[in-house]
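*Asks:* Dropping the sequence and predicted coords here.
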Amino acid sequence: MSKRRDYTSEELNIIFAKGLLRRNPLNGKIETTDFEGHIIKRLDYGDVSSYFGWEVDHIDKVKDGGSDDISNLRPHWIPANRADNE
C-alpha cells in the first residue's frame, strides 16, 4: 500500500464539502454524509476512534489510473473506506 499524502487544511475543507447534506429525521439537524450515507464530521478527519471519522477516497482508484487531483477526491467514512481498499 502506498503512503497516504498529507493534505492541507484547505484541501480537506474542499474535499469535505463534497459530502452530502441531509436533515436528520430524529433531531432535525443538518448533517454531512459521505456518498454512502454515513454521517461524517469535519473535525474527525483521520480519527479512527470516532464513529464520524473519515478519510480521503479516490473516486477513480490510483491503481486504475486515477489521480490525486482534487477533482478525483471525496470524503469517505473510515470503516467503509478501509473495507473497500482490502
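*Replies:* Received it, and whenever you're ready, just let me know what you need. Numbers count the residues shown, from 1 in each chain.
*Asks:* Next one: the residue most central in space within the chain relative to Gly19, how far apart?
*Replies:* A centroid search over the chain (CA atoms, centre = their mean) returns Pro75, at 1.7 Å, as the residue closest to the centre. If you measure Pro75 against Gly19 using CB to CB, to the nearest Å, the figure is 5 Å. In short, each C-beta sits where N, CA and C put it, glycine included.
*Asks:* Give the residues shared as contacts by these two.
*Replies:* Common contacts of Pro75 and Gly19, defined by CB atoms under 8 Å, 6 or more residues apart in numbering, comprise Thr32, Asp34, Ile40.
*Asks:* Just confirm Ser67 is within a strand.
*Replies:* No - secondary structure of Ser67, determined by DSSP: H, G, I helix; E, B strand; the rest coil: coil, with no strand assignment.
*Asks:* for the closest residue to it other than its chain neighbours, what are its contacts?
*Replies:* The shortest distance from Ser67 to any non-neighbouring residue, by CB to CB, 6 or more residues apart in numbering, is to Asp60 (7.7 Å). Contact partners of Asp60, counting by CB under 8 Å, 6+ apart, are Gly66, Ser67, Asn72.
*Asks:* Provide the secondary structure category for Asp60.
*Replies:* Following three-state DSSP, Asp60 is assigned to coil.
*Asks:* Next one: it from Ala83, what distance?
*Replies:* Using CB to CB, one gets 18 Å for the distance from Asp60 to Ala83.
*Asks:* Quick check: which element contains the closest residue to Ile70 other than its chain neighbours?
*Replies:* Counting by CB to CB, 6+ apart, Ile14 is the residue found nearest to Ile70 once chain neighbours are left out, at 5.9 Å. Ile14 belongs to helix 9-16 when elements are defined using DSSP states H and E.
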